[in-house]
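Asker: pasting the sequence and the predicted coordinates here, then a few questions.
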Protein chains: 2
Amino acid sequence: MSVEKTPNLILVYDIVDDRKRTKIADVCLDYGLDRIQYSAFVGWLIPAKQQELFTKIRRILGKSPGNVQLLPICADDWKKRRVIDQPDKG
Amino acid sequence: MSVEKTPNLILVYDIVDDRKRTKIADVCLDYGLDRIQYSAFVGWLIPAKQQELFTKIRRILGKSPGNVQLLPICADDWKKRRVIDQPDKG
């Protein structure tokens, strides 16, 4: 994700199937999203690319169980986010 | 969460310690948030309550490793969210 672009979306998922979860994570990274947590990504995509990504995720998931949420985030809301980030040094 | 209130926040976390993760999930539920995924909640809270909740989470987590993100979501963005919800019938 280019540094100067303030993220305009968050994508979070719960996916049961390991192989599909990995494939979905990979496609999120392919679209330049940043992984902020194990199952959460943020990034900046134009709406058409958001739709394209979501369609690909739907195709990968198929009929398997899972919950995927892609929420747009406006710049104001992004600025007001609250974060605790204490990496695991284990 | 009262039905007529459109959610105005999403809270997602990656927490290593099981006991702390459970405590944090409980406090999110105490604040009336809805659990949409294993580590993701949505709900409606005034900013002061968002801060209060986040302070409690910070206190529970202490120095332990973890990543917690609370993002406000405006009504327009909430309407534009994309969701796949295929429950695990396993």
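Answerer: Arrived safely.
Asker: all strands for chain A, in order.
Answerer: Along chain A, counting by DSSP state E, strands occupy A:9-15, A:34-37, A:40-43, A:66-72, A:82-86.
Asker: where do the helices of chain A begin and end?
Answerer: In chain A, the helices defined using DSSP state H lie at A:18-30, A:47-61, A:75-79.
Asker: mean confidence score for the last one?
Answerer: For helix A:75-79, the per-residue pLDDT values average out at 95.
Asker: for it, list the C-alpha coordinates in PDB.
Answerer: Only the C-alpha atoms of helix A:75-79 are listed here, as PDB (Å, rounded to 0.1, in the frame of the first residue of the first chain):
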ATOM      1  CA  ALA A  75     -10.700   9.700   6.300                       C
ATOM      2  CA  ASP A  76     -12.200  11.400   9.300                       C
ATOM      3  CA  ASP A  77     -13.100   8.100  10.900                       C
ATOM      4  CA  TRP A  78      -9.600   6.700  10.200                       C
ATOM      5  CA  LYS A  79      -8.100   9.600  12.000                       C
END
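Asker: which strands or helices does it pack on?
Answerer: When contacts are defined as 3 or more C-beta pairs under 8 Å, 6 or more residues apart in numbering or on different chains; DSSP states H and E, helix A:75-79 packs onto strand B:66-72. (Each C-beta comes from the backbone N, C-alpha and C, glycine too.)
Asker: show me how far the strand it packs on is from its chain's centre.
Answerer: 8 Å (C-alpha atoms, centre = their mean, to the nearest Å).
Asker: quick one, it and strand A:9-15 angle?
Answerer: 130 degrees (axes from the mean of the first three to the mean of the last three C-alpha atoms, to 10 degrees).
Asker: tell me the strands beside strand B:66-72, with direction?
Answerer: strand A:82-86 (antiparallel), strand B:9-15 (antiparallel) (DSSP bridges).
Asker: of those, which stretch is the most buried?
Answerer: Most buried of the strands paired with strand B:66-72 by mean neighbour count (mean count of other C-beta atoms under 10 Å in any protein chain shown) is strand B:9-15; its value is a mean of 23.
Asker: follow-up on the earlier one: now tabulate the strands of chain A in TSV and tack on mean pLDDT and distance to residue A:28.
Answerer: Below are the strands of chain A laid out as TSV (pLDDT from 0 to 100; distance: least, C-beta to C-beta, whole Å):
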stretch	mean pLDDT	distance to residue A:28
strand A:9-15	97	6
strand A:34-37	95	7
strand A:40-43	97	5
strand A:66-72	97	10
strand A:82-86	96	19
